[in-house]
Structures are given as C-alpha cells and as structure tokens.
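Visitor: Got a sequence here, can you build the structure:
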Amino acid sequence: MVQSVVPRSQWHRDRRGDSGHGREREKDLIRFGVNSLDDAVIGQAVVMLRFVKGGAEKGGNGFFVNIPGQDKAVIFTAAHNLIDVDGTRTTNFRAWWQGADRWAQIEEKDTHISSVYSKTPTKDSAIDDFGIILVARNNIPPPPTTAFGFGLRLGEEDRIDGLCNVSSYLVSAQQGDKPTRSTGNFINPLLKEHQLEYLVPTEAGVSGSVVWVGYNGSPVAVAVHNYGPKRKSPKYGSLGSRINLKMMREILEWTGVYHRATKIVAQPLGKKQAAPQHPLTLTWSDDDKAFRVHVQDDADPSDKPDESVFEALPVFSSAMLQGKEPRAEFGFAQPDTRATAKPGAVRWVSWNTEWGSAGMSGSLGRARLARLEKKGISSTISLNYQGNLLDVVFRTDRDVVDEWELKFPGSDFSGVAYQSRGNQDYQCAF
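Guide: Residues are numbered from 1 along each chain as shown. Next comes the predicted model:
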C-alpha cells in the first residue's frame, strides 16, 4: 500500500472519519416498561404444552413470537420439551392457548430443535436448549392474534435493568386456566453471552416459558426459560436461553426469513425507467469508511467482493397487540474484520439520516435501522426521519456518475442517496 503524502489535517473529512461516514452514533437509550397492559392480554400469547416423554405424561410451556415475513404462527419453547435425553422425540404433543376450544395436535414435522441440543440433548447444552413449533394460520383451533416481540439489541447488552417477568402455566393448570406471572430481577452484569440468569421463582413443569421485559412500551421476549436455580440459594437464579443473534439466526432460517448472504441491488423505480446495463450493488469501503455503488460484472465470477455481501434478517419486531400495527426493523450485517473485534463479531449498516450518510456500526444500539417493504420479488429499504418517509436509492444521474462508468464493470462510484417518498428530489448522495 502506498502511504499518503498529504498531511492528515488536509484529508477530506470523510477520509479522516470526522463526519457521519467515519463515526458511530451514540447508543440509543433503552426505555424499559410496558404501556398499561394487563396479564390477561399478555397471557394470550402464552402456550400450555402436554406430551408423553419417557412413557409418562409431562407438561411444559411455550409462547408465540411475532416473526416478520412468516406465514405461520411461531411458538418458542425449550428443546427438552421436544426431545428426551436419549434423542427420542416426545410423542402425543398438544398445545393449548387462551381462546382455543380444543387442544392443537402438533406433528413432529412442524417442530424444530437447536442443532447443538439435538446432538447432545442434556443439560450440557443448556444455552442451546430451545426449539420452535409452527402453527398454520388456518389451523383448528387458529393461533391467537397476540404475540410477544423480540429485540436483538437486548441480546447484545451486558445488562438488562428492566423488571424480569416469567409468564407460564403451572404443571397443575387445566384448559381454561389463566397463566401466572412471576417477577424479579436479572443478575447484572450478565455473566454469560448466551444465557440469562434471573432471580425469579420457577418450578418443575414450566420449562419453555417466556422470559420477558417491557421494552419501549410493549412486551418483548428476551429468553426461553429452561432450568431452575442450580442451588437453593437466593444468590442463584433460574436460567434461560438468551434470544440473541446466535439463536435467531437458526430460528429465522427454519422460518425462511433469514438471508445468510445477500446483495443490495438497484431496481428501476418504475416501469418507465430502464434497468441498468450491469447490476448495481451496495459495497462498503473500509478504507474510505463509506458506501459505494459497485458496477457488477456478472460474466466474471471473481467480481463478487465480500464487501457487497450482507447477512440480512429482522432484528426487531414489536409485540402483536389488538388495535396496534406491529413494527419491524431489519438489519444488514457483515463480519467485523477489525483487529480489535471479537471472534464472530459483526458490524451493522447504520442509515444515518441525521448526518445524510450511512456507515457501519459495531452494535445494534448504535445503528439506525430500516424497514423492508416488499414489492413483488423485490423490497424497498425505507426509514422514518422527522416525520418523512425516506427510501434508500442508487443515483445514476450525471451529477454523481459519468455514463461510461455505468458501462464499465468493476467500477465504483458515490451514488447512494435518500429520497423522500413521493418527491423526486434527493436528500443527499454519499
């Protein structure tokens, strides 16, 4: 690499990292608590489970979670409700929830178990003791219209200061009974990356219960409860598998809404606009600390830079509550290749509309996230900023790129911009 002979003080601010291109946003504040919800509403998303395990009737719990883009209802539960220690699947599996007039029969094909736990289905795999149950929307009985939300930002914090809630059906509960709710505190700072410990009383038969907090006004699940305290002491808490990026990658892949490697590709804004001669993809430049538009050469297999490949998934989903439109935010991530990064760490695209730029952030708490609006086979990346709906677009007009560059595969140019919905003017190009 040739070192610049221009003094750093004379570099462009984008190169120095003094603008939105090179710096990360401050962490958004977390507001814990729910907005006037009672247990009757929250209890609609709690599931009573019954099954046969080791030749005996057993009880457990589950809970519905709102997964954006999924055409089936999704129940989270503990994996050991679905499989025995010898690897034998539980049988005669039934589920019941508030409003159902009968037990819902669950087939094995509609269940998924953590890959780690399915190989070693014992307490040694406690942090991976989770699974899901899929329920068709037209099932009889139909699933409820209430579900917990999730937020992967809470899955990366080193403490959770909100009230810890565990909602569950006791093993003695019958159809028609209401779930109970126990409360307490999380043990902070959090000692394990993929497991939460909380000082909340639990008992046998409530495995798979939802561990939740109020987050920005609505109930958000943060763990799947699976074990009681390892010792009968007020110093030891109950344990749950943490709902974080590690868990949700696997669950979202089961549900078909996880994209392990995808590209953000330009599409014509309307039928009258011609498609570009070569595909245009979003590419991150770590040297320039800025996004560029890359002219893709489909004929050259080597022209697929890692910087243009993203992991894409929903990272936040609000609870499904009657009378409220659920919200969802999507994240685009790339491996964090910086020398200071932890193994397996990622960086998230942050759409910094307040700075008129976009960059990469080392945490979801510092990233400004977007929503995806599906239109046919493609989707639009959009954001709400100061009451305006902005779309992320690629500019190809002569103000940002020469025509010859668009015909030259392998070239890059600064053409990413925000455009107000219904307005032909661009907020900026960066």
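
Visitor: From the rest of the structure, what touches stretch 87-107?
Guide: Outside of stretch 87-107, the residues within contact range by Cβ atoms under 8 Å, 6 or more residues apart in numbering are 43-53, 58, 62, 64, 75, 81-84, 108, 111, 118, 121, 133, 135, 139-141, 143-144, 175, 178. The C-beta positions use only the backbone N, C-alpha and C, and glycine is treated the same way.

Visitor: Could you rerun that using 7 Å?
Guide: Contact partners of stretch 87-107, identified using Cβ atoms under 7 Å, 6 or more residues apart in numbering, comprise 43-44, 47-53, 62, 75, 81-84, 108, 121, 133, 135, 139, 141, 144, 175.

Visitor: cool, stretch 113-124 as well?
Guide: 79-80, 82-85, 87, 125, 128-131, 227, 250.

Visitor: Give me the buried stretch members for it, please.
Guide: When burial is assessed from 16 or more other Cβ atoms under 10 Å, stretch 113-124 yields the following buried residues: 113-114, 116-118, 121.

Visitor: How about the secondary structure of the spatially most central residue of the chain?
Guide: The centroid of the chain falls nearest to Val315 when counting by Cα atoms, centre = their mean (2.4 Å). Following DSSP: H, G, I helix; E, B strand; the rest coil, we place Val315 in the strand state.

Visitor: Tell me which helix or strand in the protein has the weakest average pLDDT.
Guide: Across the helices and strands of the chain, mean pLDDT, DSSP states H and E gives its lowest value to helix 13-16, namely a mean of 43.

Visitor: hang on, the earlier thing: in JSON lines, list the buried residues of stretch 113-124 along with distance to Glu193.
Guide: JSON lines is the format used below for the buried residues of stretch 113-124 (distance: Cβ to Cβ, whole Å):
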{"residue": "Ile113", "distance to Glu193": "21"}
{"residue": "Ser114", "distance to Glu193": "16"}
{"residue": "Val116", "distance to Glu193": "14"}
{"residue": "Tyr117", "distance to Glu193": "17"}
{"residue": "Ser118", "distance to Glu193": "21"}
{"residue": "Pro121", "distance to Glu193": "22"}
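
Visitor: what residues are up against Gly217?
Guide: 34-35.

Visitor: if you set the cut-off to 6 Å instead, what comes out?
Guide: Residues counted as contacts of Gly217 (Cβ atoms under 6 Å, 6 or more residues apart in numbering) are Asn35.

Visitor: Beta-bridge partners for it, please?
Guide: Note on Gly217: beta-bridge partners by DSSP bridges are Val34.

Visitor: Quick check: pLDDT value at the closest residue in space to Asp84 that isn't next to it in sequence.
Guide: The shortest distance from Asp84 to any non-neighbouring residue, by Cβ to Cβ, 6 or more residues apart in numbering, is to Lys53 (5.6 Å). What the model reports as pLDDT for Lys53 is 95.

Visitor: Quick check: phi and psi on Lys53?
Guide: The phi/psi pair for Lys53 (degrees, to the nearest 10) reads phi -140, psi 120.

Visitor: How many residues are close by it?
Guide: 20 (other Cβ atoms under 10 Å).

Visitor: Helices of the protein, residue ranges please.
Guide: 13-16, 39-42, 115-119, 245-255, 403-406 (DSSP state H).

Visitor: out of these, nearest to Trp284?
Guide: helix 13-16 (13.3 Å; Cβ to Cβ).

Visitor: Please convert the contacts of stretch 113-124 to TSV, extending it with neighbour count.
Guide: Below are these laid out as TSV (neighbours: other Cβ atoms under 10 Å):
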residue	neighbour count
Ala79	26
His80	26
Leu82	29
Ile83	21
Asp84	13
Val85	12
Gly87	10
Ser125	18
Asp128	24
Asp129	30
Phe130	29
Gly131	27
Tyr227	19
Glu250	19
